[in-house]
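Participant: From the sequence below, what's the structure:
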Amino acid sequence: MLSDRSAAISDTRDEGRIWRAFAAEIGHWDIFGYGMWAVTRTGDDTAVALVGPWTPPDWPEAEIGWMVLDPAAEGTGIASEAARAALDHAFGTLGWTTAVSYIAPGNDRSVALAERLGARLDPDATGPKADTLVYRHPLPEDRP
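Facilitator: As a prediction, this is how the structure comes out:
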């Protein structure tokens with residue numbers, strides 16, 4: 001989270017804000033009983049991504065979010081696999097009837113992942129920031 005890779009979601013120069021962002025991840029689990037998962041490679045406990053259901057009270061809608069922390073994990077399918085599992089969990093176990101992914105403008109890799117998951121840009125939806133792209137995920141029976 002201290003690298004430029006996280007610039008769209010945090011101030012990479014402010015260790016205190018980054019610490020609070022991680023504390024929010026843990027608190028989300030404590031408050032809601034679910035949240036982002038630390039994604040690792042089989043046999044290695046090093047987190048390479050955070051992926052999962054995310055519903056802070058100021059978010060307009062329930063989100064499936066992802067952050068690939070390790071550049072070496074990009075293009076390996078690990079985020080796609082985890083996001084599919086997160087969608088299954090959200091729609092199945094959590095009983096969600098809708099889910100979006102909020103994506104910063106210019107984050108082409110995240111747009112590509114959302115589209116591979118079957119999500120489509122919803123120009124009428126509101127994001128947490130005015131310029132946020134909102135990709136709406138299809139229901140499980142309509143997913144590719």
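Participant: CA atoms for contacts and neighbours, from now on please.
Facilitator: OK.
Participant: Burial check on Ser101, number of neighbours?
Facilitator: By other C-alpha atoms under 10 Å, the residues close to Ser101 number 26.
Participant: With adjacent residues omitted, what lies nearest to Asp88?
Facilitator: Pro140 (7.2 Å; C-alpha to C-alpha, 6 or more residues apart in numbering).
Participant: Verify the stated contact: that neighbour with Phe91.
Facilitator: Yes. Under the criterion of C-alpha atoms under 8 Å, Pro140 makes contact with Phe91 at 7.2 Å.
Participant: low pLDDT regions in the chain?
Facilitator: For the chain, applying pLDDT under 70 flags the ranges 1-13.
Participant: Which strands and helices lie in contact with the lengthiest strand in it?
Facilitator: The residue-count maximum for a strand in the chain (DSSP state E) belongs to strand 47-54. Applying 3 or more C-alpha pairs under 8 Å, 6 or more residues apart in numbering; DSSP states H and E, we find strand 47-54 packed against strand 37-40, strand 63-68, helix 78-91.
Participant: Give the burial count for the residue nearest to Asp88, as a bare number.
Facilitator: Using other C-alpha under 10 Å, Pro140 has 14 other residues around it.
Participant: ok, for Leu121, nearest residue in space, not its chain neighbours?
Facilitator: In space, Leu121 is closest to Tyr135, 4.3 Å off (C-alpha to C-alpha, 6+ apart).
Participant: Report the contact partners of the residue lying farthest from the centre of the chain.
Facilitator: Distance to the chain centre peaks in the chain at Gly43, reaching 23.2 Å (criterion: C-alpha atoms, centre = their mean). Gly43 makes no contacts at all, as judged by C-alpha atoms under 8 Å, 6 or more residues apart in numbering.
Participant: Format the helices and strands packed on strand 47-54 as a markdown table; extra columns: mean neighbour count and distance to Ala119.
Facilitator: A markdown table is the format used below for the helices and strands packed on strand 47-54 (neighbours: other C-alpha atoms under 10 Å; distance: least, C-alpha to C-alpha, whole Å):
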| stretch | mean neighbour count | distance to Ala119 |
| --- | --- | --- |
| strand 37-40 | 18 | 20 |
| strand 63-68 | 23 | 11 |
| helix 78-91 | 19 | 11 |
